[in-house]
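Colleague: following is a predicted model, sequence given first.
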Amino acid sequence: MAKDKLSVQGTDVRIIKVLNEDYISLTDMLSAKDGDFFVSDWLRNRNTLEFLGIWENVNNPTFNYGEFAVIKSQAGLNRFKISAKEWIERTNAII
């Protein structure tokens, strides 16, 4: 996995190559605009997690679907919160 970055209006945004495909970091872009609060709030949404789970399941052969099911069962609860880092660590998501 090769990493590179580009600068957008003074903000570094990582470009990550996975299996010859380039991906830009939404986390970097959102953090620059609204800080980490926006990202963690976005990850609390059950629809967001379902989309990410489907994408990872299709594109990531090492995705931890069992741990994803645990996370998804908690989504939408007032006490539920997950960071991008925790999402990646717990589910083996592709960055």
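Modeller: Now that the structure is in, tell me what you want to look at. Residues are numbered from 1 along each chain as shown.
Colleague: where do the strands sit along this structure?
Modeller: For the chain, the strands defined by DSSP state E cover 2-8, 11-18, 21-24.
Colleague: who does the last one pair up with?
Modeller: If I follow you right, that is strand 21-24. Partners of strand 21-24 in the sheet, by DSSP bridges, are strand 11-18 (antiparallel).
Colleague: how far off centre is the strand it pairs with?
Modeller: Centroid displacement of strand 11-18 relative to its chain, using C-alpha atoms, centre = their mean, to the nearest Å, is 13 Å.
Colleague: next one, pLDDT for the residue nearest to the spatial centre of the chain please.
Modeller: Centroid check for the chain by C-alpha atoms, centre = their mean gives A84 as the closest residue, at 5.2 Å. Among the per-residue scores, A84 holds a pLDDT of 84.
Colleague: run a quick neighbour tally on the residue nearest to W42 when sequence neighbours are not counted.
Modeller: Of all residues not flanking W42 in the chain, T48 sits nearest, at 5.7 Å (C-beta to C-beta, 6 or more residues apart in numbering). In short, each C-beta sits where N, CA and C put it, glycine included. T48 is flanked by 13 other residues according to other C-beta atoms under 10 Å.
Colleague: pretty sure T48 contacts D41?
Modeller: No: here T48 lies out of contact with D41, judged by C-beta atoms under 8 Å, at a distance of 9.7 Å.
Colleague: quick revisit: L52: which of the strands of the chain is closest?
Modeller: Judged by C-beta to C-beta, the one of the strands of the chain that comes nearest to L52 is strand 21-24, at 13.1 Å.
Colleague: which residues are in contact with the closest one?
Modeller: Contact with strand 21-24 is made by 6, 13-17, 94-95, as judged by C-beta atoms under 8 Å, 6 or more residues apart in numbering.
Colleague: pretty sure G53 is touching A75, no?
Modeller: No: taking C-beta under 8 Å as the contact criterion, G53 and A75 are not neighbours in contact, 10.0 Å apart.
Colleague: so which of the strands of the chain is the most surrounded?
Modeller: Of the strands of the chain, the one with the most neighbours on average (mean count of other C-beta atoms under 10 Å) is strand 11-18, at a mean of 14.
Colleague: got the angle between it and strand 2-8?
Modeller: Orientation of strand 11-18 against strand 2-8 (axes from the mean of the first three to the mean of the last three C-alpha atoms, to 10 degrees) gives an angle of 150 degrees.
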